[in-house]
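Trainee: Let me see the structure of the following:
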Amino acid sequence: MPVLGCTATVRKAVAFFLMTLALGPAGAQPQAQAQANSAAQPSTGAAGPPAQLAVCGACHGANGNSALALSPSLAGQPKVFLENTLILIREGLRPIAVMQGLLNGVSDAEIVALADHYSRQKAVAPEAPRDEAAFRRGEAVASRALCGTCHLPNYAGQQQMPRLAAQREDYLVHSMREFRDNKAQGRDTMMNGVLRGFSDRDIADMAHYFAQLR
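Mentor: From the prediction side, this is the model:
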C-alpha cells in the first residue's frame, strides 16, 4: 500500500510512535506526537494497538479513509490483501520509500490485528464531482478488461484482490500506471499483462469510474 506525499512532520510523528513500540528510532518532537495522536483515533474495539493505528492514520486517514494525495485508503480492503501487503512491505519485498523501516519488528499477530481492523472499516470515497463521460468510458474499459472477474462485479475486492471501489482516484492512476509500465515491484505481475497497451486516458477513465463507486 504505497504511501506517497507524507510530510516531514508526519514522519517525525511516526518515529515517535515506533520508539514507544520499540520498533524504531526515537526523535519525534512533542508537537509532532500530538499531531499524530489526533490524526487517527482507533474505533471502539479496534483490533490493532492504538499507537500503530495512529501511525497508519497519519497518512492513511482516520479509520483508513485517506485524505492525503497519492496515499491509498485502507478501509474496507480485504483482510487477506492487507495481511499480504503488510508482510511484503515488512520483509522488503515490496519497497516503498516512505514506509521503509516502519514495519520492522511488527509481529505477524500485530499485522493480522491491523488488517482485521481496517478490513472492518467502511470505505468512504473522497467527495469529488462525477464526470459522466469519463465515468461511462471507464466503466466500458473496466468491463472490457474483465476487472470484475477478480475484483468482483462491485469492485469490492476479495481475498488477495484489493478493493477498487471508493479508492482515491489519484492513487488508482498512479498504481495502474506502475503496473502498465512494469514498475510495480513486489506486486501481482498478472496485472502487468492486463494493463499492457492501455493508454493514459484509459487508465484515468477507469480510475475515475472506480473512485466514484460507493
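Trainee: how much space between the spatially most central residue of the chain and residue 85?
Mentor: Central residue of the chain (C-alpha atoms, centre = their mean): residue 72, 3.3 Å from the mean position. As judged by C-beta to C-beta, to the nearest Å, residue 72 and residue 85 stand 10 Å apart. All C-beta atoms are positioned from the backbone trio N, CA, C, and that covers glycine.
Trainee: in whichever helix or strand residue 204 is part of, what counts as buried?
Mentor: Here residue 204 sits within helix 200-212, counting by DSSP states H and E. Buried residues in helix 200-212, defined by neighbour count with 16 or more other C-beta atoms under 10 Å: 202, 203, 204, 205, 206, 207, 208, 209, 210, 211, 212.
Trainee: Is it correct that the third one is in contact with residue 131?
Mentor: Meaning residue 204. No - using C-beta atoms under 8 Å, residue 204 makes no contact with residue 131, being 9.9 Å away.
Trainee: that older thread, need the three-state assignment for the residue lying closest to the residue nearest to the centre of the chain once chain neighbours are set aside.
Mentor: Leaving aside its sequence neighbours, residue 72 sits nearest to residue 171 (C-beta to C-beta, 6 or more residues apart in numbering; 4.6 Å). Taking DSSP: H, G, I helix; E, B strand; the rest coil as the rule, one finds residue 171 in the helix state.
Trainee: surely residue 171 meets residue 67?
Mentor: No - assessed by C-beta under 8 Å, residue 171 is found out of contact with residue 67, at 11.8 Å.
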